[in-house]
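Student: turn this into a structure:
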Amino acid sequence: MSSYILSHIDPEPEYLHQLWRATNLHLNYPRMASGHLQGCLLRMLVHMIRPKTVVELGTFTGYSALSMASALEEGAMLHTIERNDEQEDFTRPWLENSPWAEHIRFYIGDALEVIPTLPAPFDLVFIDADKRHYSDYYRAVLPLVRPGGYILADNTLWDGHVFDDEATALHRRIAESDEPLSLNGKDAQTQGIMAFNDLVAQDPAVERVILPLRDGLTIIRRCS
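Tutor: Alright, predicted model coming up:
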């Protein structure tokens, strides 16, 4: 099915294709990059929303940032934040040498520290960083998103772990426990996504929908 879809959507821009190849050749976990299909969707959403200020949490190689920046109008700016400073040597040249470099500002640091320094209000936020802190990111950006603005959250189905019986049972134990439970990295990320999904589902200030695209993409609209 995926090959059929890819053959019937806009072709991947050559610059992004080269970035995708370099990501797979030189980096661990290349599947973390958004890729052609999600890149097309991000670009389409930017065309539809026509944001002036975009904030991305989690740059990785810059594929998603470039996909969104390619659809920005004159004067619009995308601010993308990456915590892993070891990623900078690979990612920064791809951003700065791209056809859309004038629309991109790249930051290395903790997103929760950088977010308050960015120009608000935000029209669009893309969350694709540490899954354990998705709820923290959401709480940090939501007050800065304009009414009618959007938040996109990636990986919200988390390879199906969010509706796995074992993960659900653990999530319930955590919610009911007065003591913090020790979790390994994988379980902590699963629980982070599950807590985020619950938080968004119960928030009366937003509208939301989850798309089963790749690993799950949640589209959130701030109503008030």
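Student: okay, CA-based contacts and neighbour counts for the rest of this
Tutor: Noted.
Student: can you give me the strands for this protein?
Tutor: 53-57, 77-82, 104-108, 122-127, 145-154, 206-211, 217-222 (DSSP state E).
Student: partner strands of the third one, parallel or antiparallel?
Tutor: When pairing is defined by DSSP bridges, strand 104-108 lines up against strand 77-82 (parallel).
Student: and the partner strand, C-alpha only, in CSV?
Tutor: As requested, the backbone C-alpha atoms of strand 77-82 are provided in CSV (Å, rounded to 0.1, in the frame of the first residue of the first chain):
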residue,chain,number,x,y,z
MET,A,77,9.6,31.9,10.2
LEU,A,78,10.1,28.3,11.6
HIS,A,79,11.9,27.9,14.9
THR,A,80,13.2,24.4,15.3
ILE,A,81,14.8,23.1,18.6
GLU,A,82,17.1,20.0,19.0
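Student: that strand vs strand 122-127, what angle?
Tutor: Compare the direction of strand 77-82 with that of strand 122-127 by axes from the mean of the first three to the mean of the last three CA atoms, to 10 degrees and you get 30 degrees.
Student: residues contacting strand 77-82, please?
Tutor: Applying CA atoms under 8 Å, 6 or more residues apart in numbering, the contact partners of strand 77-82 are 52-60, 65, 69, 103-111, 114, 118, 129.
Student: Val162 and Ala195 touch, don't they?
Tutor: No - Val162 is beyond contact range of Ala195, at 9.6 Å (criterion: CA atoms under 8 Å).
Student: redo the strands of the chain as a markdown table? Include mean neighbour count.
Tutor: Formatted as a markdown table, the strands of the chain follow (neighbours: other CA atoms under 10 Å):
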| stretch | mean neighbour count |
| --- | --- |
| strand 53-57 | 26 |
| strand 77-82 | 23 |
| strand 104-108 | 19 |
| strand 122-127 | 24 |
| strand 145-154 | 21 |
| strand 206-211 | 16 |
| strand 217-222 | 20 |
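Student: figure out which of those strands is closest to Asn24.
Tutor: Distance to Asn24, taken as CA to CA, is lowest for strand 77-82 among the strands of the chain, at 18.9 Å.
Student: now the closest one against strand 53-57, angle please.
Tutor: Using the same axes, to 10 degrees, the inter-axis angle of strand 77-82 relative to strand 53-57 is 10 degrees.
Student: quick one: strand 77-82 to chain centroid distance?
Tutor: The chain centre lies 11 Å from the centre of strand 77-82; the measure is CA atoms, centre = their mean, to the nearest Å.
Student: quick one: mean pLDDT for that strand?
Tutor: Averaged over strand 77-82, pLDDT sits at 98.
Student: okay, now Asp10: neighbour count?
Tutor: Around Asp10 there are 11 other residues, counting by other CA atoms under 10 Å.
Student: please enumerate the helices of this protein.
Tutor: Ranges of helices within the chain are 2-6, 14-26, 35-49, 63-69, 88-96, 111-114, 134-141, 165-176, 185-201, based on DSSP state H.
Student: what's next to the last one, contact-wise?
Tutor: With CA under 8 Å, 6+ apart as the contact definition, helix 185-201 has outside contacts at 130-135, 156-158, 161-162, 167, 171, 206, 208.
Student: what's the PyMOL line that selects buried ones from the residues you listed?
Tutor: Selecting only the buried members of the contacts of helix 185-201 in PyMOL, with burial defined as 16 or more other CA atoms under 10 Å, works like this:
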select buried, resi 131+132+133+134+135+156+157+158+161+162+167+171+206+208
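Student: that concludes my questions; thank you for your assistance.
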